[in-house]
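Asks: with the sequence up front, the predicted model follows.
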Amino acid sequence: MADLKRQLEEDLALRDLAKHLVKRDVENIKGDVEQKGLASRFADRMKEGAEGALDESTDFVKSNPGRVGSVAGLGIILLIAWLFREPLSEFFDELLKKLHLDELAPGSSKTRGEELAEALDDHASALADKLNIGENL
């Protein structure tokens with residue numbers, strides 16, 4: 001019985017000590033939060049994340065300059081094409097009308113443009129065969 005009473009007193013003392021430690025931690029956190037606000041903490045975390053992302057992207061650009069340059073060039077070309085989409089559309093419409101490529105070729109189910117594309121492909125293949133570069137292309 002004395003052992004049980006002593007064990008209970010020890011358990012209560014440990015509980016009181018743990019409660020005291022938790023209260024002290026909560027007070028420290030409250031004081032810390034009051035010193036440095038939540039918005040300030042969020043800004044610091046975002047800054048650290050942005051710096052990490054910047055470091056990683058810088059390393060990627062340094063190790064892959066060709067890829068980055070190609071994508072940047074493609075992006076610029078696409079932006080210019082989008083900005084001038086109406087004049088380009090009008091230009092190609094007029095070109096197709098002048099070349100009559102949108103009409104069916106006489107005696108064929110293909111348009112003149114499709115026949116022209118096939119002829120160009122055949123010509124390029126013949127030239128590649130003549131120069132022995134067909135397998136390199």
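Replies: Sure, I can see it.

Asks: give me the low-pLDDT residue ranges for this structure?
Replies: For the chain, applying pLDDT under 70 flags the ranges 32-36, 101-102, 104-105, 134-137.

Asks: nearest residue to the middle of it?
Replies: The chain has S57 as the residue nearest its centroid, 11.0 Å off, counting by C-alpha atoms, centre = their mean.

Asks: contacts only, for that residue.
Replies: By C-beta atoms under 8 Å, 6 or more residues apart in numbering, S57 lies in contact with nothing. C-beta coordinates here come from the backbone N, C-alpha and C atoms, glycine included.

Asks: would you double-check that it falls in a strand?
Replies: No: applying DSSP: H, G, I helix; E, B strand; the rest coil, one finds S57 to be helix, outside a strand.

Asks: tell me how far it lies from D44.
Replies: 21 Å (C-beta to C-beta, to the nearest Å).

Asks: could you report the neighbour count for E51?
Replies: 10 (other C-beta atoms under 10 Å).
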